[in-house]
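Novice: Dropping the sequence and predicted coords here.
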Amino acid sequence: QVQLVESGGGLVQAGGSLRLSCAASGGTFSSYAMAWFRQAPGKEREFVASISRFGVRATGADSVKGRFTISRDNAKKMVYLQMSSLKPEDTAVYYCAARIAPNQYGYWGQGTQVTVSS
């Protein structure tokens, strides 16, 4: 079992930056590729970015490329999402997740709210 707890969300003006953190406990953190997802009000949850087990490969949704960066620290059991040039459409609850199988994420945090004002 892996427990995930996100933090770092908040209210920021458009063009600003935030760094989200996700702390993992239980399990072997480096066994899991990790990802960030988000869900805006009235919309389906969508993929934001992912990172491989040892941070060698990272991918991001087209909507955040060039603005968001995912990283991880296996020694600290942490995964991060650095967000810059934020837009109002980035407003959502952001979740971190651990991948348990190809395209399957089995462990989720409770989410952290990010609100971007125009």
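Specialist: Perfect, I can see it now. Numbers count the residues shown, from 1 in each chain.

Novice: In the strand ranked longest in the chain, which residues are buried?
Specialist: Longest strand in the chain by number of residues (criterion: DSSP state E): strand 92-101. Within strand 92-101, the residues scored as buried using 16 or more other Cβ atoms under 10 Å are 92-99. Where you see a C-beta, it was placed from the backbone N, CA and C, and this is true even at glycine.

Novice: ditto for stretch 70-80
Specialist: For stretch 70-80, by 16+ other Cβ under 10 Å, it's 70, 72, 74, 77-80.

Novice: And those, which two are furthest apart?
Specialist: With Cβ to Cβ as the measure, no two of those lie farther apart than 70 and 77, at 15.2 Å.

Novice: And the lowest mean pLDDT element among the helices and strands of this protein?
Specialist: Lowest mean confidence among the helices and strands of the chain (mean pLDDT, DSSP states H and E): strand 58-60, at a mean of 94.

Novice: contacting residues around that one?
Specialist: The contact list for strand 58-60 (Cβ atoms under 8 Å, 6 or more residues apart in numbering) reads 48-52, 68-71.
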